[in-house]
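Engineer: one predicted model, sequence on top.
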Amino acid sequence: MVDLELRSVSKKYAGSEVLAVNNVSLEIEKGELLCLLGPSGCGKTTLLRMIAGFVEPTAGSILVKGQDITQLPPNKRNLGMVFQSYALFPHMTVLANVEYGLRMRRIPRTEARTRAREMLEMVGLLELEHRYPRQLSGGQQQRVALARAMVILPQVLLLDEPLSNLDAKLRQQMRIEIRRIQKEVGITSIFVTHDQEEALTLADRIVVMDKGEVRQVGSPQDVYDHPVSRFVANFIGTCNFLNGVLEALPAGSEPAVLKTDSGLRLWCKGVPGLATGQRLCVAVRPEHLELAPAAEAERESAPGVNAVRGRIEHVSHLGSIVEYHVVLPGGERLRVQQQSAQSAPSVAEGGTATVKWAVQSSMCFPE
Amino acid sequence: MTRYRKPLTSLVGACTTSLVLLAIYLFLLAPLLVVVLMAFNTSSYMVFPPEGFTLKWFVAFFRDSMFVEALRTSAVLGVTSAAVATVIGVPAALALVRYRFRGREFLNSLFLAPILFPGVVLAIALLVYYSRLKILGSFIGLVLAHVLVIVPYVIRTVSANLYGVDEALEEASLNLGAGRWRTFFEITLPLIRSGMVSGAIFAFIMSFDELVIALFLSGARMTTLPVRIFNFLEYNSDPTIAAISTVLLCVTLLVSVFVPPRYLGF
């Protein structure tokens, strides 16, 4: 069942040349957690604010459970929102903050109190109900904001970069916490973030946005493994890019051949509808690259597997993984990641090594 | 050696600072003290040091019906002007801070204009205008004139307060189901209350001791206390004035003692 539907929603701010949000259509299923992900200024917050009713769309319509709410004022929409700054009312106690939405709905006092307490218990803050927001830590304020938005039983929960004001450790905790509560209540949620890691860990589906447009919609796995463009590949996770020209189309069991700008010949995946001479960009994730002793170079360069020799410029130990920065003869730099336990002792900083990767694990984007 | 000398230098520095501050305070407050002492002086002239203790100047003040009437007029005028200025100033500040609209900058400077205007010019302009409207010497005329002068101060204090209130708070309230009015009364108003109260008190004090405009616009039937004092001083010099000043001083002190400091914006 579709809980929230956006139909060709666009927004152009007065005095601006470009569309902040350009023709976005989305459907969000009941109970789903959808992440709007993109760099700052990509229109994700504008989109969320249009759903909440704080920004009026220039075109298009917004439907909640099939009902058009585009023209409704924010206070008639019954959507809960968690703000980046939490926006807790400083002159009210924690309990009064959580009760506020119920009071506005004219819910009887005793029932409102019971419901507010239940919600506070769910976020684990019942014992702090008489405190004022300024007496709480950032994480606690975050929980109150969450409780306040959810107690009104909103049809959709909107979260606007709710974790960006927390320190790294707490952010990871709250991520798990938000996901737990969201699943427990089964509430349809939209989560805006510019943090790809956050989106990957939290979301059921990710919507990647750039320059006001949706670039890709898919599960975290899908978006990570099969990005549709160079932008998505670069924005989600890290990626090595090699630019060049298509030299030969796939022939028989042999894959296509790319000649990079520095003259390197690489096997690459064929993309339907390409002609030789077309500019391409090959992308490989650091964890799909493998390091081997330098001597293996020529022997291993069979169709389907690329093997390139390079100099190891820098080795960084990132705990469970080791990252190698390898400079190819043509000047390109590759980042290679390997599990710490598997890293070869013979591959040291300053030495040469062979970087190998299977064509299957690479991606190919026409420029 | 320098290590040992340093605390001494900073001690001397601290002492000098204290002494300078003390001198400044003395310079500012001594005249007030002298006035208070003279109010209790038995001599019929404003002389210092006092010659004896008496309360007769206070009695003289409260017996003089013109003074009492003027005090009453000023108090009512001050409260009315402050109230009207607050009722106008709060929505004006809200509009200027929260909303983007055409002519916002123009309105902003328009609301500030009375502060920059010389009082005498404003007074003459209003004099001409009021005599045409036939409201010269009327209470309503004085209220309008004072509101004109004090509204910018209310707008300033409330705006300063409003800039400190996160707009997301109002959005959160709307999101939780409160309408615009409800949001104003439940969220915005309580959060700008300190600015509002300090603005209103400031407005009252400004109206209460405003002389120039009142001098031009008040008539025989409608005289404010500063105007009455001004007229009195032209022909008299007995310590009744000192007694009045002492009463006014006490009122101001009471206001600052009984209104919590956070409402005064300190």
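Structural biologist: Thanks, I have the structure now.
Engineer: per-residue confidence for residue A:60?
Structural biologist: For residue A:60, the model assigns a pLDDT of 94.
Engineer: sec struct for it, please.
Structural biologist: strand (DSSP: H, G, I helix; E, B strand; the rest coil).
Engineer: is it true that it touches residue A:19?
Structural biologist: No: applying CB atoms under 8 Å, one finds residue A:60 not in contact with residue A:19, separated by 11.2 Å. C-betas here are computed from N, CA, C, even on glycine.
Engineer: what sits in contact with each of these two?
Structural biologist: residue A:10 (CB atoms under 8 Å, 6 or more residues apart in numbering or on different chains).
Engineer: longest strand of chain A?
Structural biologist: strand A:305-317 (DSSP state E).
Engineer: pairing partners for it, with directions?
Structural biologist: For strand A:305-317, the paired strands and their directions (DSSP bridges) are strand A:321-327 (antiparallel), strand A:352-358 (antiparallel).
Engineer: show me the one of those that comes nearest residue B:134.
Structural biologist: The closest of the strands paired with strand A:305-317 to residue B:134 is strand A:321-327. By CB to CB, the value is 87.3 Å.
Engineer: buried residues in the closest one, which are they?
Structural biologist: A:321, A:322, A:323, A:324, A:325, A:326 (16 or more other CB atoms under 10 Å in any protein chain shown).
Engineer: phi, psi of the closest residue to residue A:320 other than its chain neighbours?
Structural biologist: Counting by CB to CB, 6 or more residues apart in numbering or on different chains, residue A:320 lies nearest to residue A:340, which is 5.8 Å off, once chain neighbours are set aside. The phi/psi pair for residue A:340 (degrees, to the nearest 10) reads phi -50, psi -40.
Engineer: now do the contacts for residue A:340.
Structural biologist: Applying CB under 8 Å, 6+ apart, one finds that residue A:340 lies in contact with A:317, A:319, A:320, A:321, A:322.
Engineer: residue boundaries of the helices in the stretch 1-150 of chain B?
Structural biologist: For the stretch 1-150 of chain B, the helices defined by DSSP state H, counting those that start in this stretch cover B:2-39, B:56-63, B:65-98, B:104-116, B:119-133, B:139-163.
Engineer: just the stretch 151-300 of chain A next, same as before
Structural biologist: According to DSSP H, counting those that start in this stretch, the helices that the stretch 151-300 of chain A contains are A:168-185, A:196-202, A:220-225, A:230-235, A:297-300.
Engineer: render the CA-only coordinates of the third one in CSV, please.
Structural biologist: Taking only C-alpha atoms (Å, rounded to 0.1, in the frame of the first residue of the first chain), the coordinates of helix A:220-225 have been written out as CSV:
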residue,chain,number,x,y,z
PRO,A,220,21.1,0.4,-0.3
GLN,A,221,22.6,-2.7,-1.9
ASP,A,222,21.3,-1.9,-5.3
VAL,A,223,22.4,1.7,-5.2
TYR,A,224,25.9,0.7,-4.0
ASP,A,225,26.4,-2.3,-6.3
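Engineer: quick one: stretch A:84-103 near chain B?
Structural biologist: Yes: applying CB under 8 Å from any CB of the partner chain, one finds stretch A:84-103 touching chain B at A:84, A:85, A:87, A:88, A:89, A:90, A:91, A:100, A:101.
Engineer: helix or strand with the lowest mean pLDDT in the chain?
Structural biologist: Let's take chain A. helix A:297-300 (a mean of 54; mean pLDDT, DSSP states H and E).
Engineer: relative to residue B:91, how far out is residue B:184?
Structural biologist: 9 Å (CB to CB, to the nearest Å).
Engineer: ok, those two, which is more surrounded?
Structural biologist: Set side by side, residue B:184 and residue B:91 show more neighbours around residue B:184, with 17 against 13, by other CB atoms under 10 Å in any protein chain shown.
Engineer: now do whatever residue of the stretch 1-150 of chain B ends up closest to chain A: how many residues are near it, please.
Structural biologist: With CB to the nearest CB as the measure, residue B:100 is the residue of the stretch 1-150 of chain B nearest to chain A, at 8.7 Å. By the criterion of other CB under 10 Å, residue B:100 has 7 neighbours.
Engineer: where in chain B is the helix or strand with the lowest mean pLDDT?
Structural biologist: Result, chain B / mean pLDDT, DSSP H and E: helix B:261-264, a mean of 58.
Engineer: residue ranges with poor pLDDT in the chain?
Structural biologist: Reading this off chain A. A:295-301, A:342-346 (pLDDT under 70).
Engineer: should've been chain B
Structural biologist: Per-residue confidence for chain B (pLDDT under 70) gives these ranges: B:1-8, B:260-266.
Engineer: how far off centre is stretch A:190-199?
Structural biologist: The chain centroid and the centroid of stretch A:190-199 are separated by 4 Å, computed with CA atoms, centre = their mean, to the nearest Å.
Engineer: and the closest residue to residue A:165 other than its chain neighbours, how far from residue A:144?
Structural biologist: Excluding the flanking residues, the one nearest residue A:165 by CB to CB, 6+ apart is residue A:138, at 6.0 Å. Going from residue A:138 to residue A:144 by CB to CB gives 11 Å.
Engineer: before we move on, what about residue A:203?
Structural biologist: Residue A:203 is 24 Å from residue A:144, by CB to CB.
Engineer: from memory residue A:230 sits against residue A:364, does it?
Structural biologist: No: Residue A:230 lies out of contact with residue A:364 (CB under 8 Å); the separation is 10.0 Å.
Engineer: which neighbours do these two share?
Structural biologist: Shared contacts of residue A:230 and residue A:364, defined by CB under 8 Å, 6+ apart, are found at A:281, A:283.
Engineer: which residues of chain A lie near chain B?
Structural biologist: So chain A meets chain B at A:52-54, A:73-81, A:83-85, A:87-91, A:100-101, A:104-105, A:148-149, A:152 (CB under 8 Å from any CB).
Engineer: fine by me, thanks again.
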